[in-house]
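A.B. asks: Generate coordinates for the sequence data below:
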Amino acid sequence: MIIKNPEFKISAVNPKQYPQDNLPQIVLVGKSNVGKSSFINTLVCRKKLARTSSEPGKTRQINFYNMDNKFYFVDLPGYGYSKMSKKEQEKVGHFIEEYLQVSKNISLIIFLIDIRHKPTENDKLMYDYIFKTNLPCIVIANKADKIAITKVDDCVKDLQEDLNSLKDITFLPFSSERKIYSDKVWEAIENYLF
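C.D. replies: So this is what the prediction gives:
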């Protein structure tokens, strides 16, 4: 898919601020520093649409990005950042939970995890939570450029074994450095949009 005019729409902290235009929403969930902003930027071929930060845990709001008035990418705050105070972590958890329960326009949840590491306890909790929402979901094993290209498929299989032994959810590798994975990810997203 080619997006010609992606734009940042709004940062929301409560449901009244969510866009009301009923466009489908593709939701990005993952721990802080897993690369959600870079994922958006890579897919739409823009360097600075979604702000990336060298400091994990920076996104404390829900960011909506309009894709040619066809759908939104929705970047939820990252979870599991240890330097965030307990109160801040609870606040972030509340934003995520409220959005997933309240929004009626979610077409797909994209759950990003780091291909290099076994899922953390927080990853497992989030995966279980997403699974219980009954919303469509795919898992992106991000940062595939950080490992040898010959190990990517095996690492993706291992992550699927850890999180989804039934193998009823799609797991795909991704890298904002190696653009080779973008087409398959777009294909998967399009299945839930059109």
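A.B. asks: Skipping its backbone neighbours, what lies nearest Trp186 in space?
C.D. replies: Met1 (4.8 Å; C-beta to C-beta, 6 or more residues apart in numbering). Using the backbone N, CA and C atoms, a C-beta is placed for each residue, glycine as well.
A.B. asks: In stretch 186-194, which residues are buried?
C.D. replies: Burial within stretch 186-194, assessed by neighbour count using 16 or more other C-beta atoms under 10 Å, is assigned to Ile189, Tyr192.
A.B. asks: what sits up against that stretch?
C.D. replies: 1, 24, 26, 43, 70-71, 107-108, 110, 136, 138, 170, 172 (C-beta atoms under 8 Å, 6 or more residues apart in numbering).
A.B. asks: The closest residue to Lys118 other than its chain neighbours: which element?
C.D. replies: Excluding the flanking residues, the one nearest Lys118 by C-beta to C-beta, 6+ apart is Asp162, at 6.1 Å. Using DSSP states H and E, Asp162 falls within helix 152-163.
A.B. asks: And for Ile113?
C.D. replies: Using DSSP H and E, the element containing Ile113 is strand 106-114.
A.B. asks: Provide the strand pairings for that strand, with the direction of each partner.
C.D. replies: strand 25-30 (parallel), strand 137-142 (parallel) (DSSP bridges).
A.B. asks: centre of the chain versus stretch 151-164, how much separation?
C.D. replies: Distance of stretch 151-164 from its chain centroid, counting by C-alpha atoms, centre = their mean, to the nearest Å, is 18 Å.
A.B. asks: sorry, back to before: please name whichever of the strands paired with strand 106-114 is nearest to Lys157.
C.D. replies: Nearest to Lys157 among those is strand 137-142 (9.7 Å), distances taken as C-beta to C-beta.
A.B. asks: Quick one: mean pLDDT for that closest one?
C.D. replies: The predicted model assigns strand 137-142 a mean pLDDT of 98.
A.B. asks: which other residues reach that strand?
C.D. replies: Taking C-beta under 8 Å, 6+ apart as the rule, strand 137-142 contacts 30, 34-35, 39, 108-115, 127, 130-131, 152, 155-156, 159-160, 163-164, 169-176, 185, 188.
A.B. asks: unless I'm mixing things up, Val92 is touching Ile62, no?
C.D. replies: No - counting by C-beta atoms under 8 Å, Val92 stays clear of Ile62, with 10.1 Å between them.
A.B. asks: shared neighbours, those two?
C.D. replies: Pro77.
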